[in-house]
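Novice: When you get a sec, could you give me coordinates for this:
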Amino acid sequence: MSRELRRYLMELLLSLLVIGGVISGIIGIRYQSYQRELERIALILKSEEAQQDAFQILKGNERISERDANEILKRYGYTDPEDSEAGRQFLEDCRAVFAGGVICWFCFAGILGFEGYQKRKESEKQSQDIVEELEKIRAGEYGQIISELDAYMENQGWKKILDELDSLGSYVDMIRSQAHQEKEETKSLVTDLSHQLKTPVAALSSCFDILKNPDLSEEERREFQERMEQQLYSLEQLIGALVNISRMETGMIQLHMEESRIFDTILEAVNRIWIKAENKNIEIQMEAGEEIEDLRIRHDRKWLGEALINILDNGVKYSPSGTMVTLRVFRMTSFLRIEIQDQGIGIPRENYHKVFQRFFRGKQPEIQKEEGAGVGLYLARRIIEGHHGTISLDTRRMKKEKGTVFVVQIPY
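Specialist: Numbering: from 1, shown residues only. The predicted structure follows:
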């Protein structure tokens, strides 16, 4: 038995009890009136001077018990309600009240059934509308569901359902957009990988072909072997960077945030790049207040250090000999600010928004002659964003001073 049918039967039973109670009450009242009429008849029959006492009896000045009244009426042959006009009228009234109650109950049952039928049809229509909207979501035709089903918004229950359905549609739409974006990014990544790998692989292939020539002198053979070593080193560096990028973009690299001294992480990054800077006669200067040395913030020491190394390496790589790379650290109200400034070739204004893109490299000759695949700053950006931080260029200072100024901000 369905819940709606049980509810309908329960309402019918309750209505039957109510109507039965009303009928019983009306009949009870009518019965009391009937008994008073019988008492008056009994008193009149009992009176020896009926004419003289009838007026007083009808006025109700005299009373008699129901038992005595029944005995008097019995002596005169009034043993059944049908034997008197009052009794016949009482039975007629009872039948009328009972019939009226039954009619009222059937009318109520019909109205209740019709109302239930209407509600059921309306619920089926609403359910069909919801199913149609779900089919639209599945088919990728999601729109503003609430605006299309505005008629149902007066009902608080349906309003909650429609709000959740609208949220579901927005979420599915977002997931679909993300999936499409990830697909396009994957295609772009594959294209970029093939392009980046093509140059060193082609160079290695050429060197192998040349080395097969038996007429090469030992000096020429050593020269091509050195070129192969350089290309293999470049290829190794490129593959390592590409692996890190792919792992970062696919979520395989998980940042393990632990509270530790940020000064140690920064110092380790500087030490990792120190030898390369010294070989190029570039000085690395670090400026940090005493409050930074003991400052502890939540971060991943390995990967945040990797990001800082990539930025420092960029400054050393594209700066001439005899210059300086300066790293400044400031403790702000709610974040740590790290500035890395070099005195190198700088970045053209039209490339400000491109330097953190994957595989981007400038067109300047100084950049093209250096080894690199344009992935260092991109990887640094992804790592810093994983720390809920930001990396940007201080373009205002770059317009006034030579070189590049990177600004990293990490909240704590």
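Novice: make it CA atoms for all contacts and neighbour counts henceforth
Specialist: Fine.
Novice: On the pLDDT front, check residue 85 for me.
Specialist: Model confidence at residue 85, expressed as pLDDT, equals 73.
Novice: And it, how close does it get to residue 34?
Specialist: Computed with C-alpha to C-alpha, to the nearest Å, the distance linking residue 85 and residue 34 is 10 Å.
Novice: and if you look at residue 271?
Specialist: Taken as C-alpha to C-alpha, the span from residue 271 to residue 34 is 115 Å.
Novice: now do residue 360
Specialist: Distance check for residue 360 against residue 34: by C-alpha to C-alpha, it reads 108 Å.
Novice: Residue 239 now?
Specialist: Relative to residue 34, residue 239 is positioned 110 Å away (criterion: C-alpha to C-alpha).
Novice: what do you get for residue 315?
Specialist: With distances taken as C-alpha to C-alpha, residue 315 is found 115 Å from residue 34.
Novice: Comparing these two, which residue is more hemmed in?
Specialist: The neighbour count for residue 315 versus residue 34, taken as other C-alpha atoms under 10 Å, is higher for residue 315 (27 against 17).
Novice: Enumerate every residue touching the more buried one.
Specialist: For residue 315, the contacting residues are 325, 341, 342, 343, 344, 404, by C-alpha atoms under 8 Å, 6 or more residues apart in numbering.
Novice: at 10 Å instead, please
Specialist: 277, 282, 309, 324-326, 340-346, 403-406 (C-alpha atoms under 10 Å, 6 or more residues apart in numbering).
Novice: Out of those, list just those in helices.
Specialist: When the contacts of residue 315 are checked against helices using DSSP state H, the ones located there are 277, 309.
Novice: Okay, and which of the contacts of residue 315 map to strands?
Specialist: Secondary-structure check on the contacts of residue 315 using DSSP state E: residues within strands are 324, 325, 326, 340, 341, 405, 406.
Novice: Could you identify the most distant pair in these?
Specialist: Checking those against each other with C-alpha to C-alpha, the farthest-apart pair comes out as 324 and 406, at 14.4 Å.
Novice: now the ones in strands among the contacts of residue 315 in TSV, with distance to residue 295, neighbour count and pLDDT?
Specialist: Rendered in TSV, the data for the ones in strands among the contacts of residue 315 read as follows (distance: C-alpha to C-alpha, whole Å; neighbours: other C-alpha atoms under 10 Å; pLDDT from 0 to 100):
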residue	distance to residue 295	neighbour count	pLDDT
324	26	20	94
325	23	23	94
326	20	18	94
340	19	23	95
341	22	27	94
405	24	25	94
406	22	19	95
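Novice: Run a quick neighbour tally on residue 127.
Specialist: As a burial measure, the neighbour count of residue 127 was computed by other C-alpha under 10 Å and equals 12.
Novice: Looks to me like residue 408 is in a strand.
Specialist: Yes. If the criterion is DSSP: H, G, I helix; E, B strand; the rest coil, then residue 408 is within a strand.
Novice: Spell out the secondary structure type for the closest residue to it other than its chain neighbours.
Specialist: The spatially closest residue to residue 408, leaving aside those adjacent along the chain, is residue 391, at 4.5 Å (C-alpha to C-alpha, 6 or more residues apart in numbering). State at residue 391, reduced to three classes by three-state DSSP: strand.
Novice: How many neighbouring residues does residue 391 have?
Specialist: Residue neighbour count, defined by other C-alpha under 10 Å, stands at 21 for residue 391.
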